[in-house]
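# got a structure for you, letters missing:
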Ligand SMILES: O=C(O)[C@H](O)[C@@H](O)[C@@H](O)[C@H](O)CO
Ligand SMILES: [Mg+2]
């Protein structure tokens, strides 16, 4: 079998789907994208084509290593997202050729169902209590929200109180009937992280995500020393070569590689097993589309340390498109009592509605995240 064609589709709300065709008619789908840089990743995918056209799609490991090493420069958000989507599509092809879901090719199920969580509250966390109540009715009992709005490197007690009050209200309203993670979203700098973690500890959030920016990862062990709140990070790290330093330094309790940013299934499997050796749990990042989610689930169902899975149903970014819009087998993604079952179909388990994708690609948005500014006019971490 040989790879014959790669086609990318930028589609609402902010995703990109990749179709890899072969000379035997088997097609694989991937989701290579960096939110806000879809066109850049699209070009990176196109630049990877010479490594792929005419090659045997079954040789995922050689194709992965070639895409990673052959261009001399390597790593980073763009190249690793391009490789990620291609890798996902190659695993999809392999599973379809062998008539098995990807997790069967990786040693079979390590669990019967996977715990999912839902975003609430939007960019500027608000209206959270009502949103949790609504999602609880849909079976969710685990949530994530932004921990703060924009925050200066050194900010006021009033801003700290605002973040704490929001969390206090959630515990007040729901007690321990729900769990929730707080995403600091890179908005909190090291001077403020210690204060916020200390003030929030009494409410026992399930985790605090990106307590500081990934480029400040050396703070993870220091922050972990002063709080019992599990620290989570990983969406802005792109290969095992980055994660190895973070694992060795300590401080992370939860690692969150993104299956569409960190080299795909081939790479994230390695990251997951490295994390297990350090007793670090896995909670893949996935605010994206259905193929990315299916790739996450393929890794979740074979990784003992997988504990939580993000999914984008109802997320504040999904304007103009929702998680399952391009999926034919929507029923396979049903979330029951907050869990998702293994996707039963061969490959990644997503039957893509190609006509809907092609139609939607005609109005592909150039989604960008907002540019926030502090009161003094300086740019704020969004
Ligand atoms: O945890 C999450 O989902 C992420 O922090 C998410 O909010 C961002 O990755 C966003 O998608 C960037 O455009
Ligand atoms: Mg996050």
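All right, it came through fine. Quantities reported herein were computed from a predicted structural model and do not represent experimental measurements. Ligands and ions are numbered 1, 2, ... in the order given.
# buried residues in the host helix or strand of residue 68?
Take DSSP states H and E as the rule and residue 68 turns out to sit in helix 60-69. Neighbour counts over helix 60-69 (16 or more other Cβ atoms under 10 Å) mark 60, 63, 64, 66, 67, 68 as buried. To be clear about C-beta, it is placed using only N, CA and C from the backbone, and glycine gets the same treatment.
# How many residues are close by the nearest residue to the last one once chain neighbours are set aside?
Closest residue to residue 68 in three dimensions, ignoring its sequence neighbours and counting by Cβ to Cβ, 6 or more residues apart in numbering: residue 74, at 5.5 Å. Residue crowding around residue 74 was assessed by other Cβ atoms under 10 Å; the count is 15.
# Quick check: the gap between residue 74 and ligand 2.
Separation of residue 74 from ligand 2 (Cβ to the ion, to the nearest Å): 24 Å.
# so that residue sits right up against residue 65, yeah?
No. Residue 74 is not in contact with residue 65 according to Cβ atoms under 8 Å; the separation is 10.5 Å.
# so which of the buried residues of helix 60-69 comes closest to residue 321?
residue 67 (27.9 Å; Cβ to Cβ).
# Now do the closest residue to that closest one other than its chain neighbours against ligand 2, distance only.
Of all residues not flanking residue 67 in the chain, residue 83 sits nearest, at 4.9 Å (Cβ to Cβ, 6+ apart). Using Cβ to the ion, we find residue 83 at a distance of 21 Å from ligand 2.
# which residues touch the residue of the stretch 151-300 of the chain found nearest ligand 2?
Proximity of the stretch 151-300 of the chain to ligand 2 (Cβ to the ion) peaks at residue 183, 4.3 Å away. Taking Cβ atoms under 8 Å, 6 or more residues apart in numbering, we find residue 183 in contact with 144, 145, 146, 147, 208, 209, 210.
# Which members of these are positioned in helices?
Judged by DSSP state H, those include no members of helices.
# and the helix holding residue 68, what's its mean pLDDT?
Mean pLDDT, computed over helix 60-69, is 98.
# cool, and stretch 5-24?
pLDDT averaged over stretch 5-24 gives 98.
# what sits opposite the residue of the stretch 151-300 of the chain closest to ligand 2 in the beta ladder?
With DSSP bridges as the criterion, residue 183 is bridged to residue 146, residue 209.
# Let me see the ranges of the strands in the stretch 151-300 of the chain.
179-183, 207-209, 231-233, 254-255, 281-282 (DSSP state E, counting those that start in this stretch).
# out of these, which comes closest to ligand 1?
For ligand 1, the closest of these is strand 179-183, at 5.0 Å, according to Cβ to the nearest ligand atom.
# which parts of the closest one are buried?
Buried, per 16+ other Cβ under 10 Å, within strand 179-183: 179, 180, 181, 182, 183.
# Over to stretch 286-304?
Buried residues in stretch 286-304 (16+ other Cβ under 10 Å): 286-303.
# do stretch 124-134 as well
Buried-residue list, stretch 124-134, by 16+ other Cβ under 10 Å: 125, 128, 129, 131, 132.
# got the residues of the stretch 51-200 of the chain near ligand 2?
residue 183 (Cβ under 5 Å from the ion).
# how about the helices of the stretch 51-200 of the chain, start to end?
Assigned by DSSP state H, counting those that start in this stretch, the helices in the stretch 51-200 of the chain fall at 60-69, 77-98, 102-105, 128-137, 157-174, 190-200.
# from the buried residues of stretch 124-134, which is closest to residue 223?
Closest to residue 223, out of all of the buried residues of stretch 124-134 and judged by Cβ to Cβ, is residue 125, at 21.0 Å.
# what about the closest one, distance to ligand 1?
12 Å (Cβ to the nearest ligand atom, to the nearest Å).
# Likewise for residue 143?
Counting by Cβ to the nearest ligand atom, the gap from residue 143 to ligand 1 is 12 Å.
# My guess is that residue contacts residue 174. True?
No. Residue 143 sits out of contact with residue 174 when judged by Cβ under 8 Å, with a separation of 9.5 Å.
# Report the set of residues contacting both of those two.
residue 132.
# wait, isn't residue 230 in contact with residue 209?
No. Under the criterion of Cβ under 8 Å, residue 230 is not in contact with residue 209, lying 9.7 Å apart.
# Looking at these two, which one has more neighbours?
More neighbours surround residue 209 than the other of residue 230 and residue 209, with 26 against 20 (other Cβ under 10 Å).
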